[in-house]
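Enquirer: Sequence and predicted model, in that order:
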Amino acid sequence: MNESDWEALRKAAFAARAKAYAPYSGFAVGAALRTEAGVILVGCNVENASYGATICAERAALAAAVCAGERGLAALAIASDAPGPTPPCGICRQSLHELAPDLVIRSYAAADWAEYTLASLLPHAFGSDQLV
Ligand SMILES: [Zn+2]
């Protein structure tokens, strides 16, 4: 991933954010996953009156990737208008770990961004190797 790749991913995440359905929180989020081959899959948060049925942008993008038959997920950009960068929530970290444990993540906010690795956000992750 070079900076040009990240810029394309950032733009895709913000474009996805524009489609978010967030009437309850007002917190619109977009996410864009990039495969090692350069394919970009996007998602946005989709809230629900039954709050627990809400899906985050990161998991929506993950579902889009799986549905498109994509694997080899290498990078994730998250877009919000929060004052500072927002890392993925705990459920999304766990979901992303399933298919992309080595994911590199950049979270873009209104005026700042931050980079994380999924491994740093979810140490000692639970995975299929723990299943007996
Ligand atoms: Zn989440």
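Expert: Cool, the structure landed.

Enquirer: Confirm residue 74 sits in a strand?
Expert: Yes - under DSSP: H, G, I helix; E, B strand; the rest coil, residue 74 sits within a strand.

Enquirer: Can you get me a residue count around the closest residue to it other than its chain neighbours?
Expert: Distances taken as CB to CB, 6 or more residues apart in numbering place residue 36 nearest to residue 74, at 4.8 Å, with adjacent residues excluded. Just so you know, the C-beta spots here come from the backbone N, C-alpha and C atoms, and that holds for glycine as well. Using other CB atoms under 10 Å as the criterion, residue 36 is surrounded by 12 other residues.

Enquirer: Also residue 55?
Expert: Per other CB under 10 Å, the neighbour tally for residue 55 reads 19.

Enquirer: which residues touch the nearest residue to it once chain neighbours are set aside?
Expert: Leaving aside its chain neighbours, residue 55 sits nearest to residue 46 (5.2 Å; criterion: CB to CB, 6+ apart). Residue 46 makes contact with 20-21, 54-55, 60, according to CB atoms under 8 Å, 6 or more residues apart in numbering.

Enquirer: What's the ChimeraX syntax to select whichever of the residues you listed are buried?
Expert: To isolate in ChimeraX the members of these that are buried, counting by 16 or more other CB atoms under 10 Å, one can use:
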select :20,54,55,60
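
Enquirer: Switch the contacts of residue 46 over to JSON lines; also include secondary structure.
Expert: Output for these, formatted as JSON lines (three-state DSSP):
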{"residue": "20", "secondary structure": "coil"}
{"residue": "21", "secondary structure": "strand"}
{"residue": "54", "secondary structure": "coil"}
{"residue": "55", "secondary structure": "strand"}
{"residue": "60", "secondary structure": "helix"}
